[in-house]
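Chemist: this one's sequence-less:
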């Protein structure tokens, strides 16, 4: 409709979800490909939120790589500064275990976010490791009932907490009271939660094959799971919680991604799109 009305258009790709086994019914590869090819033919500016997404667009849909601008996501570091309340006080305030190692997962409860893999890891790991952990799930979605049923059926209630969807002020507190951030998704672009976790000083446990990793990864802030076997998830969790992390270094790293830089990037793209419209007119 924008093109029919002569309105300048910019298309941003947050991820190629047609390749995700959990989303193929929703995102048809042929349709996704047709959209990008059509946008390219019409000289519509294309942007991607990570370099790996841009490379996949170029490889899988035959889009010239120089036609795709990469503009990474940003984060407001000030919002994730440690709260005045201590971690112990925050946990007491939110009714969260004081003596557990908290693995925080903030995401929609969908198959793509893959909470079930962490639950399987908790079920299969040795009891001495499991007893140390609390998997704190923040968010809501269509998989909630199935996930809660799994927890109940496998007697994981002491190790898993569902907090539901929370407002931002509470979300900042939950980042502050957590110890680690875990993201087991089957696909991503460049997850904002990576940047939020880093801004909160949380080491991240995540799969090394996810898009966006190359734009974010530093060994001082991430424990990468080498493959998608549950045993590897368990090993990486154990490795992460026994490593020494410099939380201050992690927080300082968050300043790499500012919303000012994101805005400048998009404003530049929009300006070029407007110039093209004026020339064509």
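Modeler: Arrived safely, thanks for sending. From a predicted model like this one, the values you see are computed outputs, not experimental measurements.

Chemist: list the contacts for the residue most central in space within the chain?
Modeler: Residue closest to the average C-alpha location in the chain (Cα atoms, centre = their mean): residue 191, at 2.8 Å. Residues near residue 191 by Cβ atoms under 8 Å, 6 or more residues apart in numbering: 183, 185, 210, 212. In short, each C-beta sits where N, CA and C put it, glycine included.

Chemist: and with 10 Å instead?
Modeler: For residue 191, the contacting residues are 14-15, 49-50, 73, 106-107, 113, 183, 185, 197, 204, 206, 210-212, 216, by Cβ atoms under 10 Å, 6 or more residues apart in numbering.

Chemist: got phi/psi on the closest residue to residue 15 other than its chain neighbours?
Modeler: Distance criterion Cβ to Cβ, 6 or more residues apart in numbering; nearest residue to residue 15, sequence neighbours excluded, is residue 189 at 3.5 Å. The phi and psi values for residue 189, taken as degrees, to the nearest 10, are phi -110, psi -80.

Chemist: please apply the same query to residue 138.
Modeler: Dihedral angles (degrees, to the nearest 10) for residue 138: phi -110, psi 120.

Chemist: what do you get for residue 104?
Modeler: Main-chain dihedrals, residue 104, degrees, to the nearest 10: phi -90, psi 140.

Chemist: burial check on it, number of neighbours?
Modeler: 27 (other Cβ atoms under 10 Å).

Chemist: same thing with residue 229?
Modeler: For residue 229, the neighbour count with other Cβ under 10 Å is 12.

Chemist: now swap in residue 232 and tell me
Modeler: Residues within reach of residue 232, counting by other Cβ under 10 Å, total 16.

Chemist: what sits against it?
Modeler: Residue 232 neighbours (Cβ under 10 Å, 6+ apart): 121, 207, 208, 224, 225, 226.

Chemist: now do residue 259
Modeler: Counting by Cβ under 10 Å, 6+ apart, residue 259 has contacts 73, 74, 75, 76, 77.

Chemist: do residue 167 as well
Modeler: No residues are in contact with residue 167 under the rule Cβ under 10 Å, 6+ apart.

Chemist: likewise for residue 111?
Modeler: 20, 21, 22, 23, 141, 142, 143, 146, 185, 186.

Chemist: and residue 85, by the same measure?
Modeler: Contacts of residue 85 (Cβ under 10 Å, 6+ apart): 91, 92, 93, 173, 176, 177.

Chemist: and residue 40, how many neighbours?
Modeler: 18.

Chemist: what helix or strand is it on?
Modeler: helix 29-41 (DSSP states H and E).

Chemist: thinking again about what came up before, from the contacts of residue 191, which land in strands?
Modeler: 106, 183, 204, 206 (DSSP state E).

Chemist: which among the residues you listed end up buried?
Modeler: 106, 183, 204, 206 (16 or more other Cβ atoms under 10 Å).

Chemist: tell me the contacts of the residue lying closest to residue 117 once chain neighbours are set aside?
Modeler: In space, and not counting its chain neighbours, residue 117 is closest to residue 184: 4.7 Å by Cβ to Cβ, 6+ apart. The contact partners of residue 184, taken as Cβ under 10 Å, 6+ apart, are 105, 107, 113-121, 205-207, 210, 225, 228, 233.

Chemist: kindly report the same for residue 36.
Modeler: Here residue 36 is in contact with 11, 13, 16, 44, 46, 57-58, 60-63, 67-68 (Cβ under 10 Å, 6+ apart).

Chemist: if we use 6 Å, what do you get?
Modeler: 61, 63 (Cβ atoms under 6 Å, 6 or more residues apart in numbering).

Chemist: likewise residue 247?
Modeler: Contacts of residue 247 (Cβ under 6 Å, 6+ apart): residue 201.

Chemist: I am finished for the moment; much appreciated.
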